[in-house]
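1. Quick one, what's the 3D model for this:
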Amino acid sequence: MKPIDQILNIRKPLGWTSFDMIRWIQVRMKRVKIGHAGTLDPFAQGVMVLGFGAATKRLQHAVDAEKEYIATFRFGLETDTLDLSGRTINNCDSVTLNESELAGVMQSMTGDSEQIPPIYSALKIGGKRAYTLARQGKEVKLEPRRITIYEFALLDVAGQSIKVKIVCSKGTYIRSLARDLAEKLHTCSYVQTLVRTRVGTFRLEDAIELDTVPGLLGSQ
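-> Alright, predicted model coming up:
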């Protein structure tokens, strides 16, 4: 049997953490080294690029590649996690979502900028995950990170929700983007749905299902 040495484009299921996926594979393929090119939150789904065996050393190009998402933002409410899994902490005034105004504000947010990550994130502060500190009720202060938004396009408006397409650099938090857009519109928001449709050249339409991975790699 040949050593496993592959990079695979796998569809992350809704409700799973990225590490749930890795553990699921490791249980079925013991002693296989696995790396990833960027995680997704449990409420999100879509492209997860995993490297196996020696191929983990070749993941950096996917880590650095631009990412593409389709997301739904819900205005008028804010959760502590900035997504639908969190606890509602703010009930803002509803807004009239004017497509022309929205498109203009979103266009102004493209290009290079600094973004403050969500406090419920896996970034470390003093050796501890920010989300761990946030869950303990401790103050979490994260420094802004340099990001680039290549495209921020309005796809649909329905009531207090909008559907958008985002193409961005690594390190961009879509939850923070929803928060910042809402602030510019003098309201608040959270991310209702999130699908990562592309990581560099890895596209969602080409992604394989998780349950096919052990059989595929086992045939090497």
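2. ok, Ile34 to Lys163 distance?
-> Distance of Ile34 to Lys163, computed by C-beta to C-beta, to the nearest Å: 33 Å. All C-beta atoms are positioned from the backbone trio N, CA, C, and that covers glycine.
3. hang on, I meant Leu133
-> Distance from Leu133 to Lys163, counting by C-beta to C-beta: 33 Å.
4. For Gly76, give me its contacts.
-> Taking C-beta atoms under 8 Å, 6 or more residues apart in numbering, we find Gly76 in contact with 91-95, 160, 187-189.
5. Drop anything exposed from the residues you listed.
-> Buried by 16 or more other C-beta atoms under 10 Å: 92, 95, 160, 187-189, out of these.
6. which residues does the residue nearest to Lys57 when sequence neighbours are not counted form a beta bridge with?
-> Among residues not flanking Lys57 along the chain, Gly51 sits closest, at 7.7 Å (C-beta to C-beta, 6 or more residues apart in numbering). For Gly51, the beta-bridge assignment (DSSP bridges) gives partners Ile7, Gly35.
7. Gly51: neighbour count?
-> Neighbour count of Gly51, defined by other C-beta atoms under 10 Å: 23.
8. can you start the count at 13 instead of 1 from here on
-> Got it, first residue is 13 now, which makes that one Gly63.
9. now it: how far from Tyr202?
-> To Tyr202, Gly63 is 32 Å away according to C-beta to C-beta.
10. Could you point out which residue ranges in this protein have low pLDDT?
-> 13-15, 231-232 (pLDDT under 70).
11. got the contact list for the residue sitting nearest the centre point of it?
-> When C-alpha atoms, centre = their mean is applied to the chain, the residue found nearest the centroid is Leu52 (4.6 Å). The contact partners of Leu52, by C-beta under 8 Å, 6+ apart, come to 24, 30, 58, 60, 206, 208.
12. can you check Val152 too?
-> The contact partners of Val152, by C-beta under 8 Å, 6+ apart, come to 131, 137, 142, 145-146.
13. Surely Glu195 is within a helix?
-> Yes. The assignment for Glu195 is a helix, going by DSSP: H, G, I helix; E, B strand; the rest coil.
14. what's the distance between it and Lys79?
-> Counting by C-beta to C-beta, the gap from Glu195 to Lys79 is 23 Å.
15. just Leu189 next, same as before
-> Taking C-beta to C-beta, one finds Leu189 at 12 Å from Lys79.
16. do the same with Pro25
-> As judged by C-beta to C-beta, Pro25 and Lys79 stand 19 Å apart.
17. Tell me which of the two has more neighbours.
-> Shown here are Pro25 and Lys79; by other C-beta under 10 Å, Lys79 has more neighbours (24 against 16).
18. So what does the more buried one have for phi and psi?
-> phi -120, psi 150 (degrees, to the nearest 10).
19. again, but for the one 3 residues further on
-> Taking degrees, to the nearest 10, you get phi -120, psi 120 for the backbone angles of Ile82.
20. who does it bridge with?
-> On the basis of DSSP bridges, Ile82 is bridged to Lys177, Val207.
21. Can you name the residues that contact it?
-> 167, 175-178, 206-207, 209.
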